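Asks: I'll drop the sequence and a predicted model, then ask my questions.
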Amino acid sequence: MHRSLRQLRPLVSSSKSRLCSVSAVRHNHQDAQTTASTSAGHANPAANVNSGEQGSRVTHFGFKTVPEEQKENLVRNVFESVASSYDVMNDAMSLGVHRLWKDDFVARLKPGARGPMRCIDVAGGTGDIALRILDFAREKYADRETSVDVVDINAEMLKEGYKRFKKTMYHNTPQVAFKQANAQAMPESEFPSNTYDLYTIAFGIRNCTSIPDVLKEAYRVLKPGGTFACLEFSRVNNPLLSTLYDQYSFSIIPLLGTILAGDRESYQYLVESIRKFPPQPEFAKMIADAGFTTGAMHEGKGGAWTDLWGGIASIHTGVKI
Ligand SMILES: C[S@@+](CC[C@H](N)C(=O)[O-])C[C@H]1O[C@@H](n2cnc3c(N)ncnc32)[C@H](O)[C@@H]1O
């Protein structure tokens, strides 16, 4: 059902209160398995959670090490700060390439090919993937029943998405709803188990404190037979491309952030967070560990992931059997 922005507010508090209890449980469980602390650079992403000086749990926020409970707020601040300039900046930073990747991502999933689908786009931000899913189903299969729930932790990003959808034919229809929630702990009352045919998350999972918790929730809300699909910045294997990409990322992107959005720090974080995300095989293993059936542990046909542009981004999929 379509949810107005006024209705987003109550959801914030309900999801926040649920979050507290969920993270408390997780902390107890993980205390028994605290791992060694990481340093800056390409961390072992499996060691997303580590032990700090006073035994407090720490994680990475870009290249900084921060107490685990602070990361969500820091990430929220970043996206609050970039929300109004996010779409323009995305085009500027990627020279429009993110559009091609997103088109490719959605085209591979073929929404609507086998009849209307119930989809959830998590960390959906301003609705880029949701819009593509609905357009693809309508244009290719004359499907006006496929629907997408756009979920994000950040009300500002959702507001931008809502404004954008107001200009489309999907506004005020059952085809789209905007819901504020944390990908790691979506309230069961709002997001019942075994509900969705397709779960997408694009350029979002690296911002979450616990990747395994996101995957666990994805598994829970998908129907048996449903597909998990993630588009994320990844690891470039070609050394020349990797050097060029590093230079572009660390010098041009923060500079563009300063010039176009007056916000160097947020864009510096976005670049750093990409480098902290697990390489393709490790992330594929995390998806399999969450219970999904994946392709074989390699790239390409029959594999668990597909690299785009030499691994600058990659698509990982898994099916809940
Ligand atoms: C880089 S944006 C991607 C937005 C959109 N998917 C796209 O591809 O354009 C990352 C989004 O993740 C959201 N996010 C970060 N942590 C989250 C969490 N724990 N739960 C849900 N959304 C989260 C942010 O608010 C932001 O909107």
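Replies: Cool, the structure landed. Residues are numbered from 1 along each chain as shown.
Asks: Show me the longest strand that occurs in this structure.
Replies: Counting by DSSP state E, the longest strand found in the chain is strand 222-233.
Asks: contacts for it?
Replies: Strand 222-233 has contacts (CB atoms under 8 Å, 6 or more residues apart in numbering) with 101-102, 105, 108-109, 129, 194-206, 215, 218-219, 274, 277, 283, 287, 292, 312-321. All C-beta spots, glycine's among them, are computed from the backbone N, C-alpha and C.
Asks: Put the buried members of those into a PyMOL selection.
Replies: Of the contacts of strand 222-233, the buried ones can be selected in PyMOL as follows, counting by 16 or more other CB atoms under 10 Å:
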select buried, resi 101+102+105+109+129+196+197+198+199+200+201+202+203+204+205+206+215+218+219+274+277+283+287+292+312+313+314+315+316+317+318+320
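Asks: mind listing what's buried in the longest strand of the chain?
Replies: Per 16+ other CB under 10 Å, strand 222-233 contains these buried residues: 222, 226, 227, 228, 229, 230, 231, 232, 233.
Asks: just curious, which of the residues you listed is nearest to residue 62?
Replies: residue 233 (13.0 Å; CB to CB).
Asks: What's the separation between the closest one and the ligand?
Replies: 9 Å (CB to the nearest ligand atom, to the nearest Å).
Asks: Run through the protein and note the low-pLDDT ranges.
Replies: 1-55 (pLDDT under 70).
Asks: and the closest residue to the ligand within it, how many neighbours does it have?
Replies: For the chain and the ligand, the shortest gap (CB to the nearest ligand atom) falls at residue 125, measuring 2.7 Å. Neighbourhood size, residue 125 [other CB atoms under 10 Å]: 25.
Asks: my guess is it contacts residue 162, does it?
Replies: No. The pair residue 125 and residue 162 does not pass the contact test of CB atoms under 8 Å, sitting 11.4 Å apart.
Asks: Quick check: next helix or strand after the helix or strand hosting residue 246?
Replies: Using DSSP states H and E, residue 246 sits within helix 239-247. Once the chain leaves helix 239-247, the next helix or strand it forms, by DSSP H and E, is helix 253-261.
Asks: what does that following helix rub up against?
Replies: By CB under 8 Å, 6+ apart, the list of residues contacting helix 253-261 reads 82, 85, 88-89, 92-93, 263-268, 270-271.
Asks: How is the residue nearest to residue 207 when sequence neighbours are not counted assigned, secondary-structure-wise?
Replies: The shortest distance from residue 207 to any non-neighbouring residue, by CB to CB, 6 or more residues apart in numbering, is to residue 75 (4.9 Å). Following DSSP: H, G, I helix; E, B strand; the rest coil, we place residue 75 in the helix state.
Asks: hang on, residue 75 packs against residue 61?
Replies: Yes. Between residue 75 and residue 61 there is a contact under CB under 8 Å: 7.3 Å.
Asks: what about these two, which has more around it?
Replies: The residue with more neighbours, out of residue 75 and residue 61, is residue 61; 23 against 20, by other CB under 10 Å.
Asks: pretty sure residue 284 contacts residue 296?
Replies: No. Applying CB under 8 Å, one finds residue 284 not in contact with residue 296, separated by 9.3 Å.
Asks: mind listing the strands for the stretch 101-250 of the chain?
Replies: Using DSSP state E, counting those that start in this stretch, the strands found in the stretch 101-250 of the chain span residues 118-122, 147-152, 176-180, 196-202, 222-233.
Asks: what pairs with the first one, and is each one parallel or antiparallel?
Replies: Spelled out, that is strand 118-122. strand 147-152 (parallel), strand 196-202 (parallel) (DSSP bridges).
Asks: Measure how the longest strand of the chain sits relative to strand 196-202, angle-wise.
Replies: Interaxial angle, strand 222-233 versus strand 196-202 (axes from the mean of the first three to the mean of the last three CA atoms, to 10 degrees): 10 degrees.
Asks: what lines up beside strand 222-233 in the sheet?
Replies: By DSSP bridges, strand 222-233 pairs with strand 196-202 (parallel), strand 313-319 (antiparallel).
Asks: could you dump that strand to CSV, C-alpha only?
Replies: Extracted in CSV, the C-alpha atoms of strand 222-233 (Å, rounded to 0.1, in the frame of the first residue of the first chain):
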residue,chain,number,x,y,z
LEU,A,222,11.8,-13.5,0.6
LYS,A,223,9.4,-16.2,-0.4
PRO,A,224,10.9,-19.6,-1.0
GLY,A,225,12.0,-19.4,-4.6
GLY,A,226,12.6,-15.6,-4.3
THR,A,227,15.7,-13.9,-5.5
PHE,A,228,18.3,-11.8,-3.6
ALA,A,229,20.2,-9.4,-5.9
CYS,A,230,22.9,-7.0,-4.9
LEU,A,231,24.6,-4.3,-7.0
GLU,A,232,27.6,-2.9,-5.2
PHE,A,233,31.0,-1.4,-5.8
